[in-house]
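K.L.:
need a 3D model of the following:
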Amino acid sequence: MQELPLNIPEGSRKEVMAYLEPFMLNEMSEYLKPVEEMWQPADFLPDASRGTFFEEVRDLQESAKELPYDLVAVLIGDTITEEALPTYESWLTMVEDVEKNEQGGWMKWVRAWTAEENRHGDLLNKYLYLSGRIDMRQFEISTQYLIQDGFDIGTGADPYRNFVYTSFQELATNVSHRRVAGISKKSGDKLLAKMCGVIAADEARHAKAYMSFITHAMKVDPSEVMIAFEDMMRKKIVMPAHFMREAGEPQGEAFAHFSDAAQRIEVYTALDYIDILRELNREWAIDKVTDLNEKGEKARDYLMKLPDRLTRLAERTKIPEMQYKFKWIHG
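P.N.:
This is a model prediction of the structure:
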């Protein structure tokens with residue numbers, strides 16, 4: 001990383017992003033893997049060129065039959081979220097105050113991140129298709145709707161809010177995929193467990209990258225970064241699929257039922273949200289940041305107190321006990 005510049009004015013995002021550019025170019029290899037060394041969906045799925053293909057598909061379907069209904073619903077919601085990758089890529093390219101040169105650090109990072117993430121939806125989509133439990137047309141309608149509807153996550157085009165959001169979101173998807181892997185293994189679907197496990201590992205690496213971007217930005221523009229972090233947490237971090245819907249249903253309704261299912265089986269809960277906030281507070285050592293202005297100090301005070309306040313609220317939250325019947329799932 002280059003030496004810290006001494007002349008960056010407070011709140012000057014353009015200069016801060018220029019400072020981060022060499023980091024994105026030279027050190028992103030810590031958080032990304034060479035293409036030919038990475039897993040690919042074909043590594044896990046039945047191979048149609050083999051004589052054992054149909055037997056492998058039958059084995060996959062037998063294992064998938066044992067998965068709990070809510071877990072299947074969560075897996076579908078996770079897959080639809082992954083399949084809406086075009087929305088996330090276009091959002092990342094709209095970030096302001098970054099050099100938009102195609103060979104610049106930011107655009108190279110966005111393309112490499114997108115290329116890694118693209119494998120997730122490819123793998124899970126094919127698994128769902130082969131499982132025989134999914135109404136693929138209904139699933140595909142929801143996917144198309146989500147890409148068409150986009151999202152409204154409160155970052156605008158601000159790079160600081162963008163990095164706070166992606167840090168949080170990558171940690172959240174890591175939790176979700178890890179938990180789905182664990183429940184799948186207990187249910188006897190070792191193949192799905194492996195799939196979700198490798199996806200979770202990707203999300204963990206990506207989270208480290210975005211958290212590192214904020215760590216470096218905090219060194220040179222602490223007050224504005226702290227204020228951006230506070231602003232995102234005041235708004236509440238919403239998941240990128242919060243507009244998810246089924247055919248004939250209003251925007252966001254399927255997401256509400258998907259979230260309830262995730263809470264019921266403890267794949268992703270309100271307490272996980274709080275744990276991620278605590279992890280970010282620790283990672284960015286916000287209690288030790290110096291040179292904050294008055295607004296920055298107030299932002300830090302809010303962020304330090306927020307986990308305990310959210311915990312008290314979470315303890316009073318009631319989760320619907322009755323399963324919702326999704327159009328995505330046969331039977």
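
K.L.:
ok, Asp272 to Trp109 distance?
P.N.:
As for Asp272, its distance to Trp109 is 27 Å (criterion: Cβ to Cβ, to the nearest Å). Yep, even glycine has a C-beta here, placed from its N, CA and C like the rest.

K.L.:
these two: who's more crowded?
P.N.:
Trp109 (22 against 19; other Cβ atoms under 10 Å).

K.L.:
that one contacts Asn26, correct?
P.N.:
No. In terms of Cβ atoms under 8 Å, Trp109 does not count as a neighbour of Asn26; the distance is 11.3 Å.

K.L.:
how near is the residue in the chain sticking out farthest from the centre to Ser63?
P.N.:
The C-alpha centroid of the chain is most remote from Gly51, which lies 37.6 Å away (Cα atoms, centre = their mean). From Gly51 over to Ser63 the distance is 21 Å, taken as Cβ to Cβ.

K.L.:
can you show me the helices along the protein?
P.N.:
13-27, 53-65, 69-83, 85-93, 105-131, 136-149, 159-186, 190-220, 222-235, 253-264, 270-283, 294-314 (DSSP state H).

K.L.:
how far away from the center of its chain is the shortest one?
P.N.:
Averaging C-alpha positions (Cα atoms, centre = their mean, to the nearest Å) puts helix 85-93 13 Å from its chain's average.

K.L.:
next, the angle helix 136-149 makes with that helix.
P.N.:
For helix 85-93 against helix 136-149, the angle by axes from the mean of the first three to the mean of the last three Cα atoms, to 10 degrees is 20 degrees.

K.L.:
now helix 85-93: average pLDDT?
P.N.:
In this model, helix 85-93 has a mean pLDDT of 91.

K.L.:
relative to helix 159-186, how tilted is that helix?
P.N.:
Comparing the axes of helix 85-93 and helix 159-186 via the same axes, to 10 degrees yields an angle of 150 degrees.

K.L.:
show me what counts as buried in helix 85-93.
P.N.:
Leu85, Thr87, Tyr88, Glu89, Trp91, Leu92 (16 or more other Cβ atoms under 10 Å).

K.L.:
and of these, the nearest to Ala254?
P.N.:
Thr87 (16.1 Å; Cβ to Cβ).

K.L.:
would you enumerate the residues in contact with that closest one?
P.N.:
Leu146, Ile147, Gly150, Phe151, Pro240 (Cβ atoms under 8 Å, 6 or more residues apart in numbering).

K.L.:
mind running it again at 6 Å?
P.N.:
Ile147, Gly150 (Cβ atoms under 6 Å, 6 or more residues apart in numbering).

K.L.:
distance check, it against Met211.
P.N.:
According to Cβ to Cβ, Thr87 stands 22 Å off from Met211.

K.L.:
nice, that's everything, thank you.
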